[in-house]
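[1] heads up, no residue letters with this:
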């Protein structure tokens, strides 16, 4: 049998059984030996409801030790883990269950009130053991997955239509975890902050699998809180992978407490993913943390990682860096779309040969759906999403450029720019998150961006809000903006 993700845990529990492995918001603290025992106990529970090789095991979770144990329990049985965020609505969850056809559904009810509510609706049975407490419900299983190397199905963000389950293999996850660990030079002396949901490839591969592969303890958090993150950084977190919204909210929190700089003595690595950077925001973040802010690029279909930076502090470059070792990238000259290939690329979409075929170019390279360019140093620059490109007045407008101009204003937390078809053209709409809607006026921002953007790039309308619709990862859900703010649009 080829190497599998659970081999990482076996190696750590054998070589370093008493070393710290996990802690969570329930204040559970496990060594690698305790994580190993919890996974064994979870394996027994899943076997008891008939889970076998190729079966899917849906895990309705928010980040906690029990969720990690059940992921490893599923893998040890040769089953396919399907982590689903517990904050999804019942109809959203039902669509995934219908598509995945799992043999069992696990709920991390102790760590998540939403998971407990889903479990109650499913008539799940409670189990207690070395994993703590979980609820488990049997489910009418679909046919076993044909590929024994299939490790997880990750369902991409979206609430309408047929769900798309990205198939990632054990080889994909091992590559992604090891690449992340090597990039950060992770060791057992580090402590990585794990608030990015394990239902997303960033939290699953780049945090959890990376941490276990390196023997690096992980501090798991079920939900993001700026106050909790601030305290964790004071308590010894040395590695902080995050998304821009988390950085922005943490800086806002400290500013409200009159603390302009973090002042952590242990923090040595900070990264920002899921959205482009702009130079001014990068400088602000580096001044706050006192360490370089690393950037990266990836997607669910590439096990998170494609490119990443290892820049020194103060470098103005805002590229996402060169490809990870073993990964290749190129630009489609006709569309400027980024294409990639390597051991990070998915197997395909579960039970969806049509979309799988469409995802790959004729030469087998994965179509990312993102626009980019490669500079003379081999570093990739993200220009935006292929489907989000705005054509206004005959000119191409890339939303990240407009967002960067808006984000440069000191009272802006983050922004999202989209196009809206109108009178044969596209209007540019900007949705801007601020701490206080009464402290800033749209006209102020219109004036602010005049010197930063050409006329054809300036928003026709700016909508201020204290909250933008986001996925659990913090990624802004642009497809919800028009509906969410329909009453504000002119």
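    Yep, it's here. Model, not experiment: these values are computed from the prediction.
[2] any weak-confidence spans in the stretch 151-300 of the chain?
    157-162, 260, 274-276 (pLDDT under 70).
[3] so which residues of it form strands?
    According to DSSP state E, counting those that start in this stretch, the stretch 151-300 of the chain carries its strands in the segments 165-169, 192-194, 218-220, 239-242, 269-272, 293-297.
[4] among these, which is nearest residue 307?
    strand 293-297 (4.6 Å; C-beta to C-beta). Where C-beta positions appear, they are placed from N, C-alpha and C, glycine not excepted.
[5] residues in contact with the helix or strand that that closest one is followed by: which ones?
    Sequence order places strand 307-308 as the next helix or strand after strand 293-297, per DSSP states H and E. Residues from elsewhere that reach strand 307-308 (C-beta atoms under 8 Å, 6 or more residues apart in numbering): 183, 271, 294-298, 319-324, 327, 329, 379-380.
[6] coming back round to it: including mean neighbour count and distance to residue 366, could the strands of the stretch 151-300 of the chain go into TSV?
    As requested, the strands of the stretch 151-300 of the chain are arranged in TSV below (neighbours: other C-beta atoms under 10 Å; distance: least, C-beta to C-beta, whole Å):
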stretch	mean neighbour count	distance to residue 366
strand 165-169	24	11
strand 192-194	24	27
strand 218-220	25	29
strand 239-242	25	23
strand 269-272	22	22
strand 293-297	24	13
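[7] and residue 229, which of those is closest to it?
    Each of the strands of the stretch 151-300 of the chain has some distance to residue 229 by C-beta to C-beta; the shortest is strand 192-194, at 6.9 Å.
[8] and that closest one, what does it pack against?
    When contacts are defined as 3 or more C-beta pairs under 8 Å, 6 or more residues apart in numbering; DSSP states H and E, strand 192-194 sits against helix 210-214, strand 218-220, helix 226-234, strand 239-242.
[9] redo that, cut-off 6 Å
    Helices and strands touching strand 192-194, by 3 or more C-beta pairs under 6 Å, 6 or more residues apart in numbering; DSSP states H and E, are strand 218-220.
[10] next one: the strand it packs on to chain centre, how far?
    15 Å (C-alpha atoms, centre = their mean, to the nearest Å).
[11] identify the residue nearest residue 297 in space, chain neighbours excluded?
    Excluding its sequence neighbours, the residue lying closest to residue 297 (C-beta to C-beta, 6 or more residues apart in numbering) is residue 320, at 3.7 Å.
[12] pretty sure the one you found belongs to a helix, no?
    No: under DSSP: H, G, I helix; E, B strand; the rest coil, residue 320 falls outside any helix and is assigned coil.
[13] off-centre distance for stretch 462-474?
    16 Å.
[14] helix/strand/coil for residue 325?
    State at residue 325, reduced to three classes by three-state DSSP: coil.
[15] which residue packs closest to it, ignoring adjacent ones?
    Closest to residue 325 by C-beta to C-beta, 6+ apart is residue 179, at 7.2 Å.
[16] count of residues packed around that neighbour?
    For residue 179, the neighbour count with other C-beta atoms under 10 Å is 26.
[17] next SSE after the longest helix seen in the chain?
    Ranked by residue count and defined by DSSP state H, the top helix of the chain is helix 32-48. Counting by DSSP H and E, the element after helix 32-48 in chain order, helix or strand, is strand 56-61.
[18] going on from that next one, what's the next piece of helix or strand?
    Next in sequence after strand 56-61, counting helices and strands by DSSP H and E, comes helix 65-76.
[19] would you mark the buried spots in that next one?
    Neighbour-count burial for helix 65-76 flags 65-76 (criterion: 16 or more other C-beta atoms under 10 Å).
[20] who's in contact with it?
    5-6, 9, 22, 24, 28, 30, 38-39, 42-43, 46, 57, 59, 61, 81, 106, 108, 131-132, 134 (C-beta atoms under 6 Å, 6 or more residues apart in numbering).
[21] so it versus helix 32-48, what angle?
    Between helix 65-76 and helix 32-48, the angle formed by their directions is 60 degrees, by axes from the mean of the first three to the mean of the last three C-alpha atoms, to 10 degrees.
[22] how far off centre is helix 65-76?
    With C-alpha atoms, centre = their mean, you get 19 Å for helix 65-76.
[23] same check on stretch 354-366?
    Centre-to-centre, stretch 354-366 and its host chain are 23 Å apart (C-alpha atoms, centre = their mean).
[24] repeat for stretch 443-459
    31 Å.
[25] what's in contact with it?
    By C-beta under 6 Å, 6+ apart, stretch 443-459 touches 392-393, 395, 397, 402, 405, 409, 428, 430, 462.
[26] for that stretch, measure first residue to last.
    Taking C-alpha to C-alpha, to the nearest Å, stretch 443-459 runs 11 Å from one end to the other.
[27] any buried residues in it, and which?
    Within stretch 443-459, the residues scored as buried using 16+ other C-beta under 10 Å are 445, 448-449, 452-453, 457-459.
[28] quick one on the thing from earlier: so can I have TSV of the strands of the stretch 151-300 of the chain showing distance to residue 117?
    Below are the strands of the stretch 151-300 of the chain laid out as TSV (distance: least, C-beta to C-beta, whole Å):
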stretch	distance to residue 117
strand 165-169	24
strand 192-194	23
strand 218-220	21
strand 239-242	28
strand 269-272	33
strand 293-297	35
